[in-house]
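Peer 1: fold the stuff below for me.
(one chain, ligands or ions: 2)
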Amino acid sequence: MNELYPIFLKVAQLNSLIVGGGNVGLEKLSFLLKSSPNAKVTLVAREISEDIKAIAARQPNLELVEEIYQPHFLEGRHMVIGATDDPAVNKQIYSDAKSRNLLVNIADTPELCDFYLGGIVTKGNVKIAISTNGKSPTTAKRLRQFLEEVIPEDINEMVENINQYRDTLKGDFEYKVEALNKLTKELLVKS
Ligand SMILES: C[C@@]1(CC(=O)O)C2=NC(=C\c3[nH]c(c(CCC(=O)O)c3CC(=O)O)Cc3[nH]c(c(CC(=O)O)c3CCC(=O)O)/C=C3\N/C(=C\2)[C@@H](CCC(=O)O)[C@]3(C)CC(=O)O)/[C@H]1CCC(=O)O
Ligand SMILES: NC(=O)c1ccc[n+]([C@@H]2O[C@H](COP(=O)([O-])OP(=O)(O)OC[C@H]3O[C@@H](n4cnc5c(N)ncnc54)[C@H](O)[C@@H]3O)[C@@H](O)[C@H]2O)c1
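Peer 2: Ligands and ions are numbered 1, 2, ... in the order given. As a prediction, the model looks like this:
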């Protein structure tokens, strides 16, 4: 069984650090920004790729620091993703983060992760996160592609409409829950 507990982080109001500016750093940064374009991120690496520099040119909330990793870069962060090509440096990032009680993910290294990045489907206000418990990231990707296909774009319209209806409901909490459940009951009827 997958015992991970998913939470939806407001990364625009948290400080995230990515260490590593190559292929894997780019992949993690791109997925983060795709889902959360306003995420506040600092990326530190000895060498930062041109692709990452191009992203930074249009992302005011992304700060690049072309320097070797040092523990002081963890100051003021809430979470850190390690993505260097040096396993010793990645391990150092992990233990530095742990000693500061920071949440840490060393990319592609499940035993050095407090959390995993997941596959993410976004349709307006609706967001679905997918995890295979670290067993098969390829499956997470395929499931993400499948759900992107089958979930209709207008699901967001439905959510917005129900939100408007919710705001018009007068009465106590119980009354509102009942009215909203009545309205949405048909959604689960199999065709
Ligand atoms: C979901 C996604 C999000 C993201 O990266 O942001 C993600 N990996 C993605 C793709 C992907 N990564 C890899 C492949 C190549 C094929 C393969 O190995 O399957 C592909 C597929 C491809 O690219 O086609 C390589 C790989 N990844 C990990 C290992 C180590 C291991 O498994 O032991 C290895 C082997 C490295 C090696 O060989 O050395 C580990 C992790 N990757 C995770 C997340 C976490 C678990 C998520 C879960 O619970 O499923 C976890 C545990 C830690 C983490 O990094 O957070 C993103 C899809 C996004 C999307 O498309 O929507
Ligand atoms: N590229 C892939 O698709 C892939 C897939 C699976 C696993 N991996 C593994 O993931 C790791 C990273 O791969 P990559 O392709 O991103 O490598 P890369 O060479 O493209 O990038 C490595 C980055 O780490 C930085 N770096 C190295 N030492 C540093 C230090 N002390 N301080 C700060 N920055 C430092 C480099 O400057 C560079 O920006 C490797 O161990 C690789 O084996 C890569």
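Peer 1: who touches whichever residue of the chain sits closest to ligand 2 in this structure?
Peer 2: At 1.9 Å from ligand 2, residue 22 is the closest residue in the chain, using Cβ to the nearest ligand atom. In this view, the C-beta of every residue, glycine as well, is placed from N, C-alpha and C. The contact partners of residue 22, by Cβ atoms under 8 Å, 6 or more residues apart in numbering, come to 45, 47, 49, 83, 84, 85.
Peer 1: mind listing which of those residues are in helices?
Peer 2: With helices taken from DSSP state H, there is no overlap with these.
Peer 1: from those residues, keep the buried residues only.
Peer 2: Of the members of these, the ones counted as buried by neighbours, 16 or more other Cβ atoms under 10 Å, are 45, 83, 84.
Peer 1: of the residues you listed, which ones also sit close to ligand 2?
Peer 2: Among the buried ones among the contacts of residue 22, the residues that sit close to ligand 2 (Cβ under 6 Å from any ligand atom) are 45, 83, 84.
Peer 1: where does the prediction get shaky in the protein?
Peer 2: The chain contains residues with pLDDT under 70 at 189-191.
Peer 1: up against ligand 2, what does it have?
Peer 2: Counting by Cβ under 6 Å from any ligand atom, the chain sits next to ligand 2 at 19-25, 44-47, 68-69, 83-86, 89, 108.
Peer 1: in strands, which of these appear?
Peer 2: Mapping the residues of the chain next to ligand 2 onto strands (DSSP state E) picks out 19, 44.
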